[in-house]
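Asker: have a look; sequence and predicted model below, questions after that.
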Amino acid sequence: MRKIINPWIGKEGYRCFGCDPNNPIGLHMEFYEDGDDIVSTWHPGEYFQGWVDTMHGGILSTLIDEICGWVVWRKKQTSGFTTNLSVKFRKKVSTNEPALTIRAHITKQVRNFLFIHAEITNGAGELCTEGEATYILLNAEQSQALGFVRCEVEP
């Protein structure tokens, strides 16, 4: 696996809840490329609970949406927007879980619509949450207007 370099670091106004390492209330996600997949390891905590010792479903949905955005940046080298997100909660995720693995990949593309499948597994490798996202891809000019240039991996 190779670590993906965050292309937004240093951009004015960048405060992403999912991936900005300097957002004091953010998730601080980091991403890696593993073949066709984009992968992140994330550490839950009690501040992300919806019920006692249980991760909030909105946070789990955010983890899925965020990694799907990184699939767009890295695999398609453009920006895009979520047009649809469907999440299935298969198994309780404990806020005491040492680490979750979030993994996503492209399932198909139809014109400028990209379909992405994502999964969250616990430390035992059990599928806890899965999602299907649809992103609309921007053309190069639109993407550059948002400040996106390229999304590279570390050597």
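Answerer: Good, I have the coordinates. From a predicted model like this one, the values you see are computed outputs, not experimental measurements.
Asker: so where's the protein shaky on pLDDT?
Answerer: For the chain, no stretch has pLDDT under 70.
Asker: for it, just list every one of the strands.
Answerer: 2-3, 32-34, 37-42, 49-51, 54-55, 80-89, 100-110, 113-121, 127-137 (DSSP state E).
Asker: residue contacts, the most far-flung residue of the chain relative to its centre?
Answerer: Of all residues in the chain, Val52 sits farthest from the chain's C-alpha centroid, using CA atoms, centre = their mean; the distance is 24.8 Å. Taking CB atoms under 8 Å, 6 or more residues apart in numbering, we find Val52 in contact with no residue. Just so you know, the C-beta spots here come from the backbone N, C-alpha and C atoms, and that holds for glycine as well.
Asker: distance check, it against Asn96.
Answerer: 11 Å (CB to CB, to the nearest Å).
Asker: related to what we said a few turns ago, can you put the strands of the chain in TSV and add mean neighbour count and distance to Ser61?
Answerer: Converted to TSV, these look like this (neighbours: other CB atoms under 10 Å; distance: least, CB to CB, whole Å):
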stretch	mean neighbour count	distance to Ser61
strand 2-3	12	25
strand 32-34	16	21
strand 37-42	20	13
strand 49-51	13	11
strand 54-55	20	10
strand 80-89	15	5
strand 100-110	17	11
strand 113-121	21	10
strand 127-137	20	7
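Asker: with that, I have no additional questions.
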